[in-house]
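[1] after the sequence you'll find the predicted model.
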Amino acid sequence: MASQLKHLVHGMGTTLEAPTWPAIAADEAKAVLAHFSAAGRMTGLHWHSPRPFSAATLVHTTNGAFLLKRHHHLVRTVEGLAEEHGFIAHLAGAGVSVPDVMATDEGATAVAIGPWSYELHRQAAGDDLYRDRLSWTPFLSLDHAHAAGVALAKLHVAARGFDAPARRQQPLVSSFAILPAADPLTAASAYVTARPALAAFLADRPWQAQVARLFGQADHDLSSLLADQAPLWTHNDWHPSNLLWTREGAVRTVFDFGLADRTTAVHDIATAIERTAVRWLDLGQGADDAIADSETALALVAGYATVLPLNPAEIAAIVSLLPLVHVEFALSEADYFTAVVADTASAAMAWDGYLIDHAAWFFSAPGQDFLRRIARS
């Protein structure tokens, strides 16, 4: 059984840290599993996830292995989890390999106990090759990048027909309210105003001027390019550690739909490129002209195009989106750090390091070269 004392999680940088959310204890897991009788009787805990925004553990039972995940209710309520589970169920019905979300004896897919919300997934098929790797670390090979592109396109095909509205306001969701707006600065102000802790955090910063400068540098046709894209529920966290793999290097299962929301296919593709083809954790370390790998981006796009060919307008939208595609999640992340865990240092890193600096890199010479290479794909 894993030791809670030794449990560390990924931090905002490259080092492991003590968890914000304590590891799930055996007695706690046993009490939660009592709501899911189909999962059987617990025999032990065998792994604790290093992901930082929730606590998760692999539970072995008399009926198999399950991932038990615990969220603070300020991050996910039972109703908020049901939004993700509805999308997962739709994808499963369309043939995508996704985790089997377990239901309670009353038919709910999550339970609230005290300040926590719990969900239980049957362990999915495939090798977890990237289980302990940090986000924003690259694929192990270009073949994996190509395979991830193929799988992303198949997911987009399967997502068609899922017409649920965009998700309710909650931290750590990739919303799509600012980027497609005709007046993104007004939309950004509305986003911040609706989140009082985030507004208080930004009050002493020239944040409106910073956002205005980024949008001023971006493609002025961005909103019109996005207006031509069909709305689609998307994954929004497409990196290799959210995929399980076959021995042959194909994607076997897609998991972690925590950031899923109603956006567009090009938004999901741009997010996938942003999270896998640039080594953001190396930004500012003296080699900013060498942190991007355009071959990875091109392999992912090429894989995608084997299922869903991309027309010039879609490629143009992806290129225009890339500098700003992380803006809304970075705001959501800063909201989480201010409203939920009162960690202003991490909120500052989300704002300065992830929102401002990521976008600024794309407007630098190496960032512009990276975008030109994708534009020629």
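    Noted; the coordinates are in hand. Numbering: from 1, shown residues only.
[2] all the strands of the stretch 51-200 of the chain, in order from the start?
    55-61, 64-72, 100-101, 111-113, 116-122 (DSSP state E, counting those that start in this stretch).
[3] residues in contact with stretch 295-304?
    The contact list for stretch 295-304 (CB atoms under 8 Å, 6 or more residues apart in numbering) reads 138-139, 142-143, 145-153, 269, 272-273, 276-277, 310, 315, 318, 370, 373-374, 377. C-beta: built from backbone N, CA, C; applies to glycine.
[4] any idea how far that stretch is from the chain center?
    Distance of stretch 295-304 from the chain centroid (CA atoms, centre = their mean, to the nearest Å) equals 19 Å.
[5] for that stretch, buried residues please.
    Buried residues in stretch 295-304, counted by 16 or more other CB atoms under 10 Å: Thr296, Ala297, Leu298, Ala299, Leu300, Val301, Ala302, Gly303, Tyr304.
[6] next up, the contacts around Thr344.
    Thr344 sits in contact with Phe201, Phe337, Thr338, where contact means CB under 8 Å, 6+ apart.
[7] helices - which of those residues land there?
    With DSSP state H as the criterion, helices contain Phe201, Phe337, Thr338 from among the contacts of Thr344.
[8] for the protein, which spans come out with low pLDDT?
    1-5, 12-14 (pLDDT under 70).
[9] grab the longest helix from the protein for me.
    The longest helix of the chain (DSSP H) is helix 142-159.
[10] just checking, what packs against it?
    helix 78-93, strand 231-234, strand 243-245, strand 251-254, helix 265-276, helix 294-305 (3 or more CB pairs under 8 Å, 6 or more residues apart in numbering; DSSP states H and E).
[11] got the angle between the fifth one and helix 142-159?
    Translated: helix 265-276. Relative orientation of helix 265-276 with respect to helix 142-159: 150 degrees, computed using axes from the mean of the first three to the mean of the last three CA atoms, to 10 degrees.
[12] tilt between helix 265-276 and helix 294-305?
    Using the same axes, to 10 degrees: helix 265-276 against helix 294-305 is 150 degrees.
[13] thinking again about what came up before, just the CA trace of the longest helix of the chain, in PDB.
    C-alpha atoms of helix 142-159 as PDB (Å, rounded to 0.1, in the frame of the first residue of the first chain):
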ATOM      1  CA  LEU A 142       6.900  11.400 -33.700                       C
ATOM      2  CA  ASP A 143       5.000   8.200 -34.200                       C
ATOM      3  CA  HIS A 144       3.200   8.800 -30.900                       C
ATOM      4  CA  ALA A 145       2.400  12.400 -32.000                       C
ATOM      5  CA  HIS A 146       1.000  11.100 -35.300                       C
ATOM      6  CA  ALA A 147      -1.100   8.500 -33.400                       C
ATOM      7  CA  ALA A 148      -2.400  11.100 -31.000                       C
ATOM      8  CA  GLY A 149      -3.500  13.200 -34.000                       C
ATOM      9  CA  VAL A 150      -5.400  10.200 -35.400                       C
ATOM     10  CA  ALA A 151      -7.100   9.600 -32.100                       C
ATOM     11  CA  LEU A 152      -8.000  13.300 -31.700                       C
ATOM     12  CA  ALA A 153      -9.700  13.300 -35.000                       C
ATOM     13  CA  LYS A 154     -11.600  10.100 -34.200                       C
ATOM     14  CA  LEU A 155     -12.700  11.700 -30.900                       C
ATOM     15  CA  HIS A 156     -14.000  14.800 -32.800                       C
ATOM     16  CA  VAL A 157     -16.000  12.600 -35.200                       C
ATOM     17  CA  ALA A 158     -17.500  10.700 -32.200                       C
ATOM     18  CA  ALA A 159     -18.300  14.000 -30.400                       C
END
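[14] beta partners of Pro101?
    That one is not Pro; residue 101 is Val. His121 (DSSP bridges).
[15] hmm, it is touching Ile88, no?
    Yes. Using CB atoms under 8 Å, Val101 is in contact with Ile88, at 5.8 Å.
[16] how big is the angle separating the longest helix of the chain from helix 78-93?
    Going by the same axes, to 10 degrees, helix 142-159 makes 100 degrees with helix 78-93.
[17] helix 142-159: which residues count as buried?
    Those would be 142, 144-156, 158-159, for helix 142-159 by 16+ other CB under 10 Å.
[18] between those, which is nearest Trp233?
    Ala159 (5.0 Å; CB to CB).
[19] what sits against the nearest residue in space to the closest one that is not next to it in sequence?
    Spatially, and ignoring its direct neighbours in sequence, Ala159 is nearest to Trp233 (5.0 Å; CB to CB, 6 or more residues apart in numbering). Going by CB under 8 Å, 6+ apart, Trp233 touches Phe87, His90, Ala159, Phe162, Ala164, Ala260, Asp261, Arg262, Thr263.
[20] ranking those by neighbours, who comes first?
    Thr263 (28 neighbours; other CB atoms under 10 Å).
[21] am I right that that residue sits in a strand?
    Yes. Assessed by DSSP: H, G, I helix; E, B strand; the rest coil, Thr263 belongs to a strand.
[22] output the strands of the stretch 51-200 of the chain as a markdown table; include the columns mean neighbour count and distance to Arg131.
    Shown next, in a markdown table, are these (neighbours: other CB atoms under 10 Å; distance: least, CB to CB, whole Å):
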| stretch | mean neighbour count | distance to Arg131 |
| --- | --- | --- |
| strand 55-61 | 21 | 10 |
| strand 64-72 | 21 | 11 |
| strand 100-101 | 18 | 19 |
| strand 111-113 | 16 | 26 |
| strand 116-122 | 22 | 15 |
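[23] between the ones you listed, which one is nearest to Leu179?
    Taking CB to CB, strand 64-72 is the member of these nearest to Leu179, at 26.0 Å.
[24] what are the contacting residues of that closest one?
    21, 24, 28-29, 32-33, 39-40, 46, 49, 54-59, 81, 99, 102, 115-123, 340.
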